[in-house]
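# would you be able to build a 3D model of this:
(2 chains)
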Amino acid sequence: MSSDHEIGTARVKRGMAEMLKGGVIMDVVTAEQAKIAEDAGAVAVMALERVPADIRAEGGVSRMSDPDMIDGIVKAVSIPVMAKCRIGHFVEAQVLQALGVDYIDESEVLTPADYTHHVDKWQFTVPFVCGATNLGEALRRLAEGAARIRSKGEAGTGDVSNAVTHMRAIRGEINRLRTLSPDELYVAAKELQAPYELVREVAERGSLPVVLFTAGGIATPADAAMMMQLGADGVFVGSGIFKSGDPAKRARAIVEATTMHDDPGVVAKVSRGLGEAMVGITVDSLPVSHRLAERGW
Amino acid sequence: MSAPRIGVLALQGDVREHVATLTAAGASASRVRRPAELDAVDALVVPGGESTTMGKLLVTFDLLEPLQKRVRDGMPVFGSCAGMILLADRVLDGTSDQVGIGGLDVTVRRNAFGRQVESFEEDLAFDGIDDGPVHAVFIRAPWVEEIGEDVVPLARISDGAAAGKIVAVRHGPLLATSFHPELTGDARIHQLFVQMVRGAI
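As a prediction, the model looks like this:
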């Protein structure tokens, strides 16, 4: 190896996320679904045992997927494979890294393993994405070494309203930081409960220093296009594809609507004849204790 | 002399970084997602991203044939990473339905350096750039396994398991790198491409 050959750097981790921009990452539970996602134009797949809608329906403790199942998906497709670990479960993260997954999602969709600490993500070669409902939460995850942020939304509902709320909250707080004078940023950091250096960096750039995806409740091409117009760099679709009537066609339609998100003619065209969307549940009707976005701090 | 008009294929991938680096290199950069937008540029960059996704979207949005025609007619194109794969005439470890633009007489191997945990950065000597090495960022990168007789290798991995592998090439008006010069803030490779475009128009 050349003496300056470096793996696992922040640039390599954040750069991987840059390559996924403008793309759709799809939740899959079998190798067959992974293949359908790849054929539809997904930029990556998320390998998990149950999609969020089923986790919600079946309840119980939800954990990292079986390594055999992840291996099967890694072998089935040539696009990047992601997998989820529980919040704070650094050994699940170590296992996922050892399995060779390309990106770990430290996810509130699984049952948290630690109600105080998240994983120290700087200790890993594999990059992490973490969920956030607001800017302070996003910056705390970056301080722990996350290389990408996704707005949380409310997974497994098919209700896009929380995805919208969280994306608008993050973007709105970034815009507010831009209007502050340098001496006001110290108090802003205190209020955001985030490191001052990161707050100052965001205020200067006018954006996060990493890619910002959206997730949680996206079920239609129009949902995906709206989230892109609201400033998302890319889209996670969980239950929305494989809980719908025609997954292959819907997957393709969401990919096309994400690319042409600002062209209503294309979004209209791809929205035709998709069959049944997933049966949704409104976030309002969920008891607070069943709301996944409340997990993480 | 007016700035050459260089498009960045904007179906998916790190489009913003290429637009910024092209602008820094003196080009007038624009995004290309439609045939009319392709008609309006002198040259094109195919960015990093997922080659299988971009290939499918090229077909869906009726860009593949017009783009192939422009390449046959001699339009300069620069591809980084996925862009190199899309320009290559022959792809190993692609999907069964992998779509390519073609024109670059090379065989590339997709994800040749391994999965993301093996992604890396290192310094490389680059032919045609004399003022110091290029800092190269490789992300699930391809390498070039074979080159046709008109293809000039511009950079190789210097040592380690992949020593000698070609990671940058030029074939007439086509330039391709396995790595991502758009991620480092160093515009020298984009400047080289802008010079190629100025020479061609």
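# in the longest strand belonging to chain B, what counts as buried?
With secondary structure taken from DSSP state E, chain B has its longest strand at strand B:129-138. By neighbour count on 16 or more other Cβ atoms under 10 Å in any protein chain shown, the buried set for strand B:129-138 is B:129, B:134-138. Just so you know, the C-beta spots here come from the backbone N, C-alpha and C atoms, and that holds for glycine as well.
# nearest to B:Val197 among those?
B:Ile129 (16.7 Å; Cβ to Cβ).
# could you check how far that closest one is from B:Ala43?
Applying Cβ to Cβ, to the nearest Å, the value for B:Ile129 to B:Ala43 is 19 Å.
# helix, strand or coil for the most centrally placed residue in chain B?
Ranked by distance to the mean C-alpha position of chain B (Cα atoms, centre = their mean), the top residue is B:Gly79 at 1.1 Å. Three-state call for B:Gly79 (DSSP: H, G, I helix; E, B strand; the rest coil): strand.
# do the same with B:Glu182
Going by three-state DSSP: B:Glu182 is helix.
# roughly how far does it sit from chain A?
9 Å (Cβ to the nearest Cβ, to the nearest Å).
# residue contacts, that residue?
B:14, B:17-18, B:20-21, B:47-48, B:80, B:190 (Cβ atoms under 8 Å, 6 or more residues apart in numbering or on different chains).
# show me where the chain has its helices.
All of this refers to chain A. Counting by DSSP state H, chain A has helices at residues A:10-19, A:31-40, A:52-58, A:67-76, A:90-99, A:135-143, A:161-178, A:185-192, A:196-205, A:221-229, A:239-242, A:247-259, A:264-270.
# I was after chain B.
B:15-24, B:35-39, B:51-60, B:64-72, B:82-87, B:188-200.
# average pLDDT across the first one?
Averaged across helix B:15-24, the pLDDT comes to 98.
# now it and helix B:188-200, what's the angle there?
Helix B:15-24 and helix B:188-200 are oriented at 60 degrees to each other (axes from the mean of the first three to the mean of the last three Cα atoms, to 10 degrees).
# that older thread, which of the helices of chain A sits closest to A:Val211?
helix A:10-19 (4.0 Å).
# near chain B, which residues of the stretch 51-200 of chain A show up?
A:78-80, A:97, A:100-103, A:125-127 (Cβ under 8 Å from any Cβ of the partner chain).
# quick one: which of those residues is nearest chain B?
The nearest member of these to chain B, counting by Cβ to the nearest Cβ, is A:Asp102 at 3.8 Å.
# what sits against the closest one?
Per Cβ under 8 Å, 6+ apart, neighbours of A:Asp102: A:16, A:44, A:80-82, A:126, B:115-117, B:140.
# where's the nearest residue to A:Gly88 once chain neighbours are set aside relative to chain B, distance?
Once flanking residues are discounted, A:Gly88 sits nearest to A:Asp114: 2.6 Å by Cβ to Cβ, 6 or more residues apart in numbering or on different chains. According to Cβ to the nearest Cβ, A:Asp114 and chain B sit 24 Å apart.
# surely A:Asp114 and A:Ile87 touch.
Yes: between A:Asp114 and A:Ile87 there is a contact under Cβ atoms under 8 Å: 6.5 Å.
# who's more crowded, the two?
A:Ile87 (23 against 12; other Cβ atoms under 10 Å in any protein chain shown).
# would you check how far apart the more buried one and A:Ala113 are?
Between A:Ile87 and A:Ala113 the computed distance is 6 Å (Cβ to Cβ).
# if we can go back for a sec, among the contacts of A:Asp102, which two are most distant?
Greatest spatial distance among the contacts of A:Asp102 (Cβ to Cβ): A:Ala44 and B:Val117, at 14.7 Å.
# more crowded one of those two?
A:Ala44 (25 against 20).
# any idea of the pLDDT on the more buried one?
Confidence at A:Ala44, expressed as pLDDT, is 98.
# just give the nearest non-adjacent residue to it, would you?
Counting by Cβ to Cβ, 6+ apart, the residue nearest A:Ala44 is A:Pro80, at 4.1 Å.
# for A:Ala248, same thing?
A:Ile36 (5.2 Å).
# give me every residue that touches that neighbour.
A:Ile36 sits in contact with A:28, A:247-248, A:251, where contact means Cβ under 8 Å, 6+ apart.
# check it and give its pLDDT.
pLDDT, A:Ile36: 97.
# would you mind measuring from B:Gln195 to chain A?
To chain A, B:Gln195 is 26 Å away according to Cβ to the nearest Cβ.
# for the residue nearest to A:Gly88, give me phi and psi.
phi -150, psi 120 (degrees, to the nearest 10).
# packing partners for the least confident helix or strand in chain A by mean pLDDT?
The helix or strand of chain A with the poorest confidence is helix A:52-58; it has a mean of 88 (mean pLDDT, DSSP states H and E). Secondary-structure packing of helix A:52-58 (3 or more Cβ pairs under 8 Å, 6 or more residues apart in numbering or on different chains; DSSP states H and E): helix A:239-242.
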